[in-house]
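In: Sharing a model that was predicted from the sequence below.
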Amino acid sequence: MKDFKIVFTGPPGAGKTTAITALSDTPPVATDVRNTDASLSKGSTTVGLDFGLIDLGGGQSVRLFGTPGQPRFKFMWRVIATDALGLVILNDNSLPDPLAELAIYLDAYKDLLPAMSCVVGVGRMSRNPSPSIDDYSDMLARRGLLLPVLSADVRNRDDVLMLVEIVLAQAETRV
Amino acid sequence: MSTHLSSIVDKARFAADALVAAIGVNSAVVISTEDGFDLAHAGGRATEPARLAAMMSSFAAVGAAASQEADIGVPRCMVVESTQGRLVVRCMQVGGEPIVVMLLTDKNVLLGLAWNQLSAIERTLNQK
């Protein structure tokens, strides 16, 4: 039995819980509670973690963990990322400054990124085309990072699966 | 913060002070929303209430998920028993609002006393 751990992180509302729910072969574990933060336009928010499982067959599985998005839960970001194979950073292009949002998570995982597979999935790009994928790549390059960036609709299982497959493929090339 | 939550803050401050008075000065209390915002805190121990509020929110939520998974209902209380003391976390409803109360005590404080005082605080918070 071999299993891999992949962590979904990113700002609140980017769709981490939705993505894990879309992919999980088992009923996902969610720790959502009612949101009391007026600055977030959402009814509930994750405060602990999300968990789901993909059965790859042949005794292999992928454990999916989601972090809470708000920086006040930063202590959970590192706890959840312990021993992870890779990281999926989900961003939301409808936020006022999506690149600044991404920077928060790149900084938080800065010391882990050199040894960890990572992909950036950008949501809500169809209605919010700026910043573009090139803008994201340029921003990452300025930080010395070469990471795949792609548009992703987290409600679409295939889009989320693509992000996971990229992380797994990156990990394979590292071996 | 909702108007209803704002109305709880004064009660929460009073309750936090009362709890510290009942348990002892070397204790601390943080009362927070279930999504991790500090509503009130009290106590003589050096703590960062905002950080503890967020941590207890995560702890309570993971406890709730585990309770659901184990099919044992809604969690009421969780305890972190450590070498130098303990954290007792009580999930409660105050006027329909879910609230998390964390009590930090020395190891010599009886757990039963902590539970008893937390129950008393729940009653106090729900008095009109």
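Out: Perfect, thanks for sending it. Quick caveat: nothing in here was measured; it's all calculated off a predicted structure. Numbers count the residues shown, from 1 in each chain, chains lettered A, B, ... in the order given.
In: where along the chain do the strands fall?
Out: Picking chain A for this. Under the criterion DSSP state E, chain A contains strands at A:2-9, A:32-34, A:44-46, A:50-57, A:60-66, A:86-92, A:117-123, A:149-151.
In: sorry, should have said chain B
Out: B:28-33, B:38-43, B:77-81, B:85-94, B:97-106.
In: Flag the shaky bits of chain A, pLDDT-wise.
Out: Low-confidence segments of chain A, defined by pLDDT under 70, are located at A:1, A:175.
In: I'd like to know which residues of it are adjacent to chain B.
Out: Selection of chain A residues close to chain B by CB under 8 Å from any CB of the partner chain yields A:29-38, A:45, A:47-49, A:68, A:70, A:72-73, A:75-76. For every residue, glycine as well, the C-beta is placed using N, CA and C.
In: Just the buried ones from those?
Out: Among those, those buried by neighbour count (16 or more other CB atoms under 10 Å in any protein chain shown) are A:29-33, A:35-37, A:45, A:47-49, A:68, A:70, A:72-73, A:76.
In: how about B:Phe59, what does it touch?
Out: Listed by CB atoms under 8 Å, 6 or more residues apart in numbering or on different chains, the contact partners of B:Phe59 are A:48, B:78, B:80, B:89.
In: Kindly recompute the last result at 7 Å.
Out: B:78, B:89 (CB atoms under 7 Å, 6 or more residues apart in numbering or on different chains).
In: now it: how far from A:Asp158?
Out: 35 Å (CB to CB, to the nearest Å).
In: got it, and A:Phe65?
Out: Taking CB to CB, one finds A:Phe65 at 21 Å from A:Asp158.
In: Give the residue from these two that has the larger number of neighbours.
Out: Neighbours per residue (other CB atoms under 10 Å in any protein chain shown) separate A:Phe65 from A:Asp158, with A:Phe65 holding more: 22 against 9.
In: Quickly note the distance from the more buried one to A:Val154.
Out: On the measure of CB to CB, A:Phe65 and A:Val154 end up 15 Å apart.
In: Which positions in chain B make contact with chain A?
Out: B:1-2, B:5, B:33-37, B:50, B:54-55, B:57-58, B:61-62, B:65, B:69 (CB under 7 Å from any CB of the partner chain).
In: could you flag which of these are buried?
Out: B:5, B:33-37, B:54-55, B:57-58, B:61-62, B:65.
In: and the residue of chain B found nearest chain A, what does it touch?
Out: Of all residues in chain B, the one sitting closest to chain A is B:Ala61 (3.6 Å; CB to the nearest CB). Going by CB under 7 Å, 6+ apart, B:Ala61 touches A:31, A:33, A:47-48.
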